[in-house]
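>>> Predicted coordinates and the sequence they were generated for:
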Amino acid sequence: MATTSEIFDIFTLPFIGSPLSQDPLGDLNSIALSRKLAEQFFPGEDPVGQELEGLINNTEELFTVSAVYEDLPRNSTFRAGCMVNGRWTLAPLNATFGTSDMDLRWDFNFHSTWNFSNFNHSVTGGCPNGSDATGSLVINQTGDSFTLEFTNGMTCSPASMCLFSGTVSGAEYTGSNTAVVDNEGGVATNTFIFTASSASEAAGHTVSTYVHPQMSCEWNFDVTLTKAGGVPDGGQTDGGSIGGDDGSSGADMPTGPDDDGGCSTSGNPASGLAWLALGLVGLIRRRHA
């Protein structure tokens, strides 16, 4: 995953040991590894500060392991086994939009109405599951900040749960919201992450949690976005919900595949003969002197 260090604040991703800095993904050639991959590449060693070789856009690069974080639960759709600086997405994004300065140009932003479709729902805890839903949302972007508001297709209680705000890093948009959603002190938190694949298409996922003094739940679902010419006619559907007095705090998502979210290995990583495949970044392996 190409992202920013803020992801460690948005999700519960505790570090194992100390990262190199308080901004572990701030350097372009930094990489954070899950415990599983760190142990595969550096068995019996401290991975932090060690180097990995990468082949990115047909160019060899060196990455420094800046942090190691706990493996995500196997029932989580968010399955990132490694993370790098979001600026690595700029090359494919520039190619998509036919430019060379997407990090400076904001005329390619996402101001407009989009149709959404959510699917692959899952839930952990004692709250009800959701079902597929479609509708529309509006995205407004200013510089590297944006807001996203569901305008139909989602039931939000309170209404503020339909409005997300967040930041943009390369082609990746990360937004969230939180609110007390009932009179018993239940708090819902929703995080929506999506990546633009073109000027008119994007895809991502939502993770929502509901924490009550006596129980807690987590919902997950996948989302696709398609740019619309205007607000679609389709009305409310029965699937999505964000917030609610019954504790149905949000989006529901699927149990992900049994992989590492775009970071998989073959061969023996410790020997330096295996490559770590990154969905956005290329190929990485351990560097040996």
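Happy to help now that I have it.
>>> which residues does Ser216 form a beta bridge with?
When bridges are called by DSSP bridges, Ser216 pairs up with Val211.
>>> Quick check: which ranges of the stretch 101-250 of the chain have low pLDDT?
Applying pLDDT under 70 to the stretch 101-250 of the chain flags the ranges 101-111, 229-250.
>>> can you pull out the strands in it?
Along the stretch 101-250 of the chain, the segments classed as strands by DSSP state E, counting those that start in this stretch run 112-125, 133-142, 145-152, 154-157, 163-169, 172-180, 187-196, 201-212, 215-227, 240-243.
>>> just so I know, which of the ones you listed lies nearest Thr89?
Nearest of the strands of the stretch 101-250 of the chain to Thr89, taken as C-beta to C-beta: strand 172-180 at 6.6 Å. Where you see a C-beta, it was placed from the backbone N, CA and C, and this is true even at glycine.
>>> Pick the most buried one from the strands of the stretch 101-250 of the chain.
Burial of the strands of the stretch 101-250 of the chain is given as mean neighbour count (mean count of other C-beta atoms under 10 Å); strand 240-243 ranks first at a mean of 28.
>>> Alpha carbons of stretch 210-217, as PDB, please.
As requested, the backbone C-alpha atoms of stretch 210-217 are provided in PDB (Å, rounded to 0.1, in the frame of the first residue of the first chain):
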ATOM      1  CA  TYR A 210     -19.300   1.000  17.000                       C
ATOM      2  CA  VAL A 211     -18.100   1.100  20.600                       C
ATOM      3  CA  HIS A 212     -20.800   0.900  23.300                       C
ATOM      4  CA  PRO A 213     -20.100   0.700  27.100                       C
ATOM      5  CA  GLN A 214     -21.300  -3.000  27.000                       C
ATOM      6  CA  MET A 215     -20.300  -4.200  23.500                       C
ATOM      7  CA  SER A 216     -18.500  -3.300  20.200                       C
ATOM      8  CA  CYS A 217     -18.800  -4.200  16.500                       C
END
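>>> returning to what we had before: would you reformat the strands of the stretch 101-250 of the chain as CSV and include distance to Leu28?
As requested, the strands of the stretch 101-250 of the chain are exported to CSV (distance: least, C-beta to C-beta, whole Å):
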stretch, distance to Leu28
strand 112-125, 30
strand 133-142, 23
strand 145-152, 22
strand 154-157, 37
strand 163-169, 12
strand 172-180, 15
strand 187-196, 19
strand 201-212, 23
strand 215-227, 28
strand 240-243, 35
